[in-house]
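1. model the structure of this input:
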Amino acid sequence: MMRKASIDIGTNSVLLLVAEVDGKDLNVLKELQEVPRLGKGVDKNKNLHPDSQKRVTAVLKKYQDFLNGNFPETTAETTLTATSAARDAANKDQFLRFVKNETGWGVRLLSGREEAETTYRGALTVLKGRDQSNNVILDIGGGSTEVAFGSGYKLADGFSADMGSVRFTERFLGEDLPAETSQKKLRKAVQELLGEKSIPYTNFDVIGVAGTVTSIAAIHKNLSDYKADKLNGICLSRDVIREFIQEFTILSADEIERKYPIFLKGRGDVILAGLLILDEFLMWVGKEEIVVSTGGIRHGVLV
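-> Below is the predicted model of the structure:
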């Protein structure tokens, strides 16, 4: 098996994966997460702020040092991808040059379609027994949400919608409005973006990836730290999701992070928007639960 590394530069987080790769199979060796929030203000300003870019490159240099010290054979060929925040920014080319100059790494900017396809592959790499089922993969990111569906490991189609935990927090929950009014506006926006889209199956499972789903699942399971093997394949019900929505509606971002520091550090102000998107999506597809996967883009690009 060949050792490889990949880094997913998202709107909110930057994720590192080191794994042994054998065809479509992955043996995960190490995962790291930082939350530099590249996409802060992008929805409004359409540009990546210089401070945000510096935070991201600082994380990338940290990962570079980690790889050089622990998995030096992977460093030069590390695959970097960027998604919604970079995709939407008018100064994305400047950001990609900045990363190259600071780290020596090139970054592949994924289209919405490529993001959905890569997420589909990545989500299934860490789950077992999905080769005969219809799968709908939901990836709620900071700037966009990807939906990909297929049968077994064969992707049928997918789409990307400009709704994410950071984007919708800034757009709706940052307003000086009562919580009920703000949440109604956010939910209506989700409904409008899903619009006439549809899932071409009657029998299927919804599989959720990324921080909104995995963080809440870990808290619900009372985990003391992030353990992928304890999360992959478990089901998160809409009842649980609604309970967390009620809780986070009355807590400030600081209170959320103090109460759940292990899993929601850097996410306290955006987790509510992510959960509202999740709840609306499950309502849209008519499902009462979502299967958790810790896989994602960083897994998909390696296979």
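2. torsion angles phi and psi at the closest residue to G266 other than its chain neighbours?
-> Excluding the flanking residues, the one nearest G266 by CB to CB, 6 or more residues apart in numbering is V35, at 3.1 Å. Every C-beta, even on glycine, is put in place using the N, C-alpha and C of the backbone. Reported as degrees, to the nearest 10, the phi and psi values for V35 are phi -130, psi 80.
3. residues contacting V35?
-> Contact analysis of V35 by CB atoms under 8 Å, 6 or more residues apart in numbering lists N12, S13, V14, K265, G266, R267.
4. try it again at 7 Å.
-> N12, S13, G266, R267 (CB atoms under 7 Å, 6 or more residues apart in numbering).
5. over to G274?
-> Residues near G274 by CB under 7 Å, 6+ apart: I140, S165, T212.
6. quick check: the second one touching V270?
-> In other words, S165. Yes - at 4.0 Å, S165 counts as touching V270 under the criterion of CB atoms under 7 Å.
7. can you give me the helices for the stretch 151-300 of the chain?
-> Using DSSP state H, counting those that start in this stretch, the helices of the stretch 151-300 of the chain run over 165-168, 179-194, 211-220, 228-231, 238-249, 253-259, 261-264, 271-285, 297-300.
8. could you say what helices and strands the fifth one packs with?
-> So the one you mean is helix 238-249. helix 271-285 (3 or more CB pairs under 7 Å, 6 or more residues apart in numbering; DSSP states H and E).
9. go on, the last one?
-> Applying 3+ CB pairs under 7 Å, 6+ apart, we find helix 297-300 packed against strand 2-9, strand 14-22, helix 112-125.
10. hey, which of these is tucked in deepest?
-> Sort the helices and strands packed on helix 297-300 by mean neighbour count, taking mean count of other CB atoms under 10 Å, and helix 112-125 sits at the top with a mean of 24.
11. what about the spatially closest residue to E280 that is not a sequence neighbour, how many neighbours?
-> Residue nearest to E280 in three dimensions, not counting chain neighbours: V190, with 4.1 Å by CB to CB, 6+ apart. Neighbour count of V190, defined by other CB atoms under 10 Å: 21.
12. with R238 instead?
-> By the criterion of other CB under 10 Å, R238 has 16 neighbours.
13. show me what contacts the nearest residue to S237 once chain neighbours are set aside?
-> Once flanking residues are discounted, S237 sits nearest to E289: 4.7 Å by CB to CB, 6+ apart. Contact analysis of E289 by CB under 7 Å, 6+ apart lists C235, L236, S237, R238.
14. let me know the closest of those residues to T75.
-> Distance to T75 across the contacts of E289 (CB to CB) is lowest for L236, with 35.8 Å.
15. I figured G211 hits S13, correct?
-> Yes - G211 is in contact with S13 according to CB under 7 Å; the separation is 6.3 Å.
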